[in-house]
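**Q** Let me see the structure of the following:
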Amino acid sequence: MKNLIDIKRLTKEEIDTIITRAAEFKTASQDPARGEINYTGGISDFARLGERLYRANSCANKTACLMFFENSTRTKCSFLIAADKLGMNVIDFNAQTSSLSKGETLKDTLDNLYYMGVNTIVLRHGEDDITDKISKEVTLPLAFINAGDGQNAHPTQALLDYMTLLEKLGTVERKKIVIVGDVSHSRVAKSNLALLNKMGADVHFFAPEYFTPKNKGEYAAIWETDYDTAISDADVIMLLRIQTERLNGEESEMAKHYSEKYCLTSERLAKYAPDAILMHPGPVNRGVEMSSELLDSPKGRTILEQVRNGVYVRMAVLEGVKG
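**A** Numbers count the residues shown, from 1 in each chain. Below you'll find the predicted structure:
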């Protein structure tokens, strides 16, 4: 894998390879003495497994540069932790204190970073398709990882969500997975849809009119018109954050009433989809997409498991890209 730009460009086999490697990293990271995994080998065998997976890899002496032009907690911190676990050097790039503020182009900045010894660029940006565009402009052998570009794609989020679903369900094939919320502004929804369709899931969307994309016909999913009907008997309910920073004035006014009709509570979940797995890419707006009591309940624990899996998926991606 030269770069990770978009889920659409990955084959099913490439996705499986990433998830398998992430699972190996996760196995080597857990402590069997604390009962975190069901590992049949002894402690010494476990230690050797960890040493093989962490130290005998191609990332030693490599340098990753994290270029985040949008705010982030989960994605940025998990990439930092993932790179550190792999033994990589890490640059936490700050655009405001860089020469970009003096007029240098992003391409020239990347060229200079390469000659300093940077191998991998992890890029988050508000512009759609920028990771793809800049990877084509830069002719040097840098590897690019899309950490979220505008409203276009967020491939590592979809991969970590898929890993979590495999742990919970074994397979997503023919499972009813309902994606709910601010679909029109969501790169997570697009990347998850692309991945889940590849793997044979039954994907449904629900969004109020003001969060429904104008090109919804291009989304290969079933669009529901009623919230409760949408989530009924779902295997998975994936809630999306209301992206207040991307809303125009009219959308912002209508979104103020979102929670009155669409906030997911324990009672609502128990009534319509009691066995559903609850997911959210974060950050959660408590009392908007879901209630605080549901988030803090055992059902909400899966959201933290997504966060944990993000570290191992991003380890696998950092190791896998070649530039």
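**Q** dump the residue contacts of the spatially most central residue of the chain.
**A** For the chain, the residue whose C-alpha lies nearest the mean C-alpha position (Cα atoms, centre = their mean) is residue 157; its distance is 1.0 Å. By Cβ atoms under 8 Å, 6 or more residues apart in numbering, the contact set of residue 157 is 75, 148, 188, 191, 192, 281, 310. All C-beta atoms are positioned from the backbone trio N, CA, C, and that covers glycine.
**Q** redo that, cut-off 7 Å
**A** Shown here is residue 157, whose contacts under the criterion Cβ atoms under 7 Å, 6 or more residues apart in numbering are 188, 191, 281.
**Q** closest to residue 199 among those?
**A** Proximity to residue 199 was ranked across these by Cβ to Cβ; first place goes to residue 191, at 12.9 Å.
**Q** Looking at this structure, which helix is longest?
**A** Taking DSSP state H as the assignment, the helix of the chain that covers the most residues is helix 301-320.
**Q** hmm, who's touching that one?
**A** 1, 4, 18, 21-22, 25-26, 57-59, 64, 74, 78-79, 81-83, 85-86, 88, 120, 145, 156, 159-161, 163-164, 277-280, 282.
**Q** Can you name the element that comes right after the helix or strand of the chain with the lowest mean pLDDT?
**A** Lowest on mean pLDDT, DSSP states H and E among the helices and strands of the chain sits helix 43-55, with a mean of 50. Using DSSP states H and E, the helix or strand that follows helix 43-55 towards the C-terminus is strand 63-68.
**Q** Now do that following strand against helix 301-320, angle only.
**A** For the pair strand 63-68 and helix 301-320, the angle between their directions (axes from the mean of the first three to the mean of the last three Cα atoms, to 10 degrees) equals 130 degrees.
**Q** Can you give the strand pairings for strand 63-68, parallel or anti for each?
**A** Applying DSSP bridges to the sheet, strand 63-68 is found paired with strand 89-93 (parallel), strand 120-125 (parallel).
**Q** This protein: helices as residue ranges?
**A** When assigned using DSSP H, the helices of the chain occupy the ranges 12-29, 43-55, 74-85, 106-116, 130-137, 155-169, 187-198, 227-231, 249-255, 258-262, 266-272, 292-295, 301-320.
**Q** With distance to residue 177 as added columns, please give those in TSV.
**A** Output for the helices of the chain, formatted as TSV (distance: least, Cβ to Cβ, whole Å):
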stretch	distance to residue 177
helix 12-29	16
helix 43-55	30
helix 74-85	21
helix 106-116	36
helix 130-137	26
helix 155-169	8
helix 187-198	6
helix 227-231	11
helix 249-255	24
helix 258-262	18
helix 266-272	15
helix 292-295	18
helix 301-320	13
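**Q** domains of this structure?
**A** Per the record, the chain has its domains at 7-153+310-320, 155-307, by automatic domain parsing.
**Q** Need the distance between the two termini of the first one.
**A** Counting by Cα to Cα, to the nearest Å, the length from the leading to the trailing residue of domain 7-153+310-320 is 14 Å.
**Q** and among the strands paired with strand 63-68, the most buried is which?
**A** strand 120-125 (a mean of 25; mean count of other Cβ atoms under 10 Å).
**Q** export that one as CSV, just CAs?
**A** Taking Å, rounded to 0.1, in the frame of the first residue of the first chain, the C-alpha atoms of strand 120-125 are listed here in CSV:
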residue,chain,number,x,y,z
THR,A,120,5.3,9.4,6.2
ILE,A,121,2.8,12.3,6.3
VAL,A,122,-0.4,12.0,8.3
LEU,A,123,-2.7,14.8,7.1
ARG,A,124,-5.9,16.2,8.4
HIS,A,125,-7.4,19.1,6.6
